[in-house]
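Peer 1: dropping a prediction and its sequence here:
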Amino acid sequence: MITNKNKRTEGKIKTHYGINDYYFYFKENNETIKISKSIYNKIISKFNNELVKIIIEDNLEYILPYLGSSLCIKKDKRIPRIVDGKLINTTPVDWVETNKLWNNDIEAKEKKLLVRYSNSHTSKYVFRIYFKKYIYPFLNKRLYNFKSCRGFNRALGNRIKDETKDKYDTFLLYKK
């Protein structure tokens, strides 16, 4: 059994198809259009970057017609609450501040105390990229998953924190 030493890719699902496979499929099925692999990659990269920009800046819901799903920005309010006498806090962890706390206070590290974001600048809303599966009824639809790339998540975070633009909001509100 091979174990993965890189924590970032631990548990990552390997895709069966990648950009190389798409290029060879394109090349086999389009004999009239001749382009090199590097140009094909640039076109796909440019398309994906513009798509990310439009989804984030214009709050567009991008529909993937053959999958019967869409990509959009979702927001939900995360407020700590008490359920059956136990504190439930689902706000995101601020790992920079948590690690500073753990380096300065050994007892906090032993108790695994976490510092969480207050999200006061977004009225306690948390925004994320959401893969909405809803259009077609097909078998095993619940097994489909979408994990946005790090650049997509960072672009959304930068847009939320950008004070030169209007306050970021989305139309898609989900209550728990």
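Peer 2: Nice, thanks for sending it over.
Peer 1: only C-alpha atoms from now on, for both contacts and neighbour counts.
Peer 2: OK.
Peer 1: for whichever strand or helix holds residue 96, C-alpha coordinates in CSV please.
Peer 2: In this structure, residue 96 sits in helix 95-104 according to DSSP states H and E. Taking Å, rounded to 0.1, in the frame of the first residue of the first chain, the C-alpha atoms of helix 95-104 are listed here in CSV:
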residue,chain,number,x,y,z
TRP,A,95,-5.5,28.9,11.5
VAL,A,96,-3.0,31.7,11.5
GLU,A,97,-4.3,33.0,14.8
THR,A,98,-4.8,29.5,16.2
ASN,A,99,-1.2,28.6,15.5
LYS,A,100,0.0,31.8,17.2
LEU,A,101,-2.1,31.0,20.2
TRP,A,102,-0.8,27.4,20.3
ASN,A,103,2.9,28.6,20.0
ASN,A,104,2.4,31.0,23.0
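Peer 1: around residue 17, count how many other residues there are.
Peer 2: Counted with other Cα atoms under 10 Å, residues neighbouring residue 17 total 8.
Peer 1: before we move on, what about the one 3 residues further on?
Peer 2: Applying other Cα under 10 Å, we find 12 other residues in the vicinity of residue 20.
Peer 1: quick one: secondary structure of it?
Peer 2: Assigned with DSSP: H, G, I helix; E, B strand; the rest coil, residue 20 falls in the helix class.
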